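Asks: make a model of this:
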Amino acid sequence: MRFSDWRIGAKLGLAFVLVVVLAAILGTVSLVQLSRIHAAAEDMAARLLPSVAQAGEVRVLLNRIRRSEAGIVTAARQDEMQAAVDQVQARLNELKTAEAQYATLLGESARSQFQQYQQRKAQYLKLHADLADIAKGVDFGSAEALELSGDMLRKMYAGDSETAFAAMEESIGRMQQAHAEEVRAATSGMRGIFDNARLWVGAALLACVVLAVVLGMAIARAVSRPAHEAVAVARAISEGNLTVDIPAGGRDEMGQLLQALLQMRDNLARVVSGVRGYAEGVSTASAEIAQGNQDLSARTESQASALEETAASMEELGSTVRQNADNARQANQLAVNASTVAVQGGDVVAQVVETMKGISTASSKIAD
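Replies: Below you'll find the predicted structure:
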């Protein structure tokens with residue numbers, strides 16, 4: 001079935017479903033990309049940036065330990081030396097806590113650097129323990145022993161201990177560089193994720209807009225074009241044009257409307273044709289009636305003339321009747337007189353008959 005044959009409700013339902021599906025796809029793409037951005041930002045905020053800060057904290061604590069260690073070397077009294085040793089121990093405890101937190105934040109690239117740092121830190125702490133043992137054995141009461149111990153401590157501090165500390169600092173620097181690389185990579189990755197998210201969301205949004213426009217135009221055309229045609233046909237029929245061409249519509253409501261208009265046009269044409277035939281019949285009958293009326297008028301005039309003649313004849317007849325009446329009266333009188341004479345004649349005839357009988361008898365007798 002073609003799309004144009006679908007019901008308008010089905011078309012609108014399909015458009016709504018497609019828009020919802022596209023919106024769901026757009027929302028899904030947006031959520032996926034936002035989830036990736038969120039994961040990258042979460043990793044940046046929860047691991048990378050804290051690891052950089054924690055690495056800096058470790059480095060600060062090592063520098064503080066180094067300064068406290070310098071206090072051990074330069075101490076002029078036992079209490080100063082002991083205070084410096086206690087300060088170094090306190091810093092080492094803080095360093096242990098900082099390293100434990102830092103170890104939970106390490107990535108793959110910084111983990112090997114951290115192991116190397118642990119090795120170099122162990123070497124440095126071993127030298128520090130030797131330096132602390134020497135400091136603890138210094139006799140601060142003897143200037144010569146203090147000078148000798150001081151020279152030994154300074155040489156150790158500036159020699160092997162400095163070398164071990166520098167190596168340890170270098171490993172920390174490499175860890176910080178590794179963190180910086182991770183941050184730059186994560187930043188670049190987040191930028192790439194953002195660019196991809198913007199591309200995907202823009203493409204999905206563009207697809208939604210294009211498909212919505214196409215569906216809207218298709219549905220509007222499928223509804224408006226037959227509607228315009230139906231309006232034009234209805235206007236033509238209302239003006240009396242029953243020969244207007246009605247295009248074939250689809251199977252939707254507008255197509256059914258066009259089909260109904262086609263049936264209405266045909267029915268109206270049949271009705272008008274029938275009315276026209278009846279009107280022609282009435283016209284013919286009216287002409288015949290008019291002709292009959294003319295004939296009737298002529299006959300009426302003839303009858304009027306005949307009636308006038310009859311009236312004249314009736315007057316003459318009346319005069320004649322009156323004369324006849326007079327004559328009848330006279331005839332009646334004559335009839336009465338004739339009756340009297342007839343009676344008398346009857347008597348005479350009777351007498352003649354009797355006489356004739358007598359003559360007949362006499363004749364018979366004569367014959368005999």
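
Asks: hmm, residue 15 and residue 216 touching each other?
Replies: Yes. Using C-beta atoms under 8 Å, residue 216 is in contact with residue 15, at 7.3 Å. Yep, even glycine has a C-beta here, placed from its N, CA and C like the rest.

Asks: which one's more surrounded, those two?
Replies: residue 15 (17 against 12; other C-beta atoms under 10 Å).

Asks: quick check: that one touching residue 222?
Replies: No. Applying C-beta under 8 Å, one finds residue 15 not in contact with residue 222, separated by 10.7 Å.

Asks: the helices in the stretch 51-200 of the chain, which residues?
Replies: 78-103, 108-136, 143-158, 160-238 (DSSP state H, counting those that start in this stretch).

Asks: turn those helices into JSON lines, columns for distance to residue 279.
Replies: Output for the helices of the stretch 51-200 of the chain, formatted as JSON lines (distance: least, C-beta to C-beta, whole Å):
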{"stretch": "helix 78-103", "distance to residue 279": "109"}
{"stretch": "helix 108-136", "distance to residue 279": "103"}
{"stretch": "helix 143-158", "distance to residue 279": "134"}
{"stretch": "helix 160-238", "distance to residue 279": "20"}
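
Asks: how near is residue 322 to residue 86?
Replies: Distance, residue 322 to residue 86, by C-beta to C-beta, to the nearest Å: 186 Å.

Asks: pLDDT at residue 91, what is it?
Replies: Residue 91 is assigned 84 on the pLDDT scale.

Asks: should've said residue 61
Replies: Looking at residue 61, the pLDDT reads 85.

Asks: for the residue nearest to it when sequence neighbours are not counted, list the residues it contacts.
Replies: Computed as C-beta to C-beta, 6 or more residues apart in numbering, the closest residue to residue 61 that is not its neighbour in sequence is residue 95, at 4.5 Å. Contacts for residue 95 (C-beta atoms under 8 Å, 6 or more residues apart in numbering) come out as 58, 61-62, 65.

Asks: and residue 164, how many neighbours?
Replies: 19.

Asks: hmm, residue 124 and it touching each other?
Replies: Yes. Here residue 164 reaches residue 124: they are 4.0 Å apart, a contact under C-beta under 8 Å.

Asks: my read: residue 168 touches residue 118, true?
Replies: No. Residue 168 is not in contact with residue 118 according to C-beta under 8 Å; the separation is 9.5 Å.
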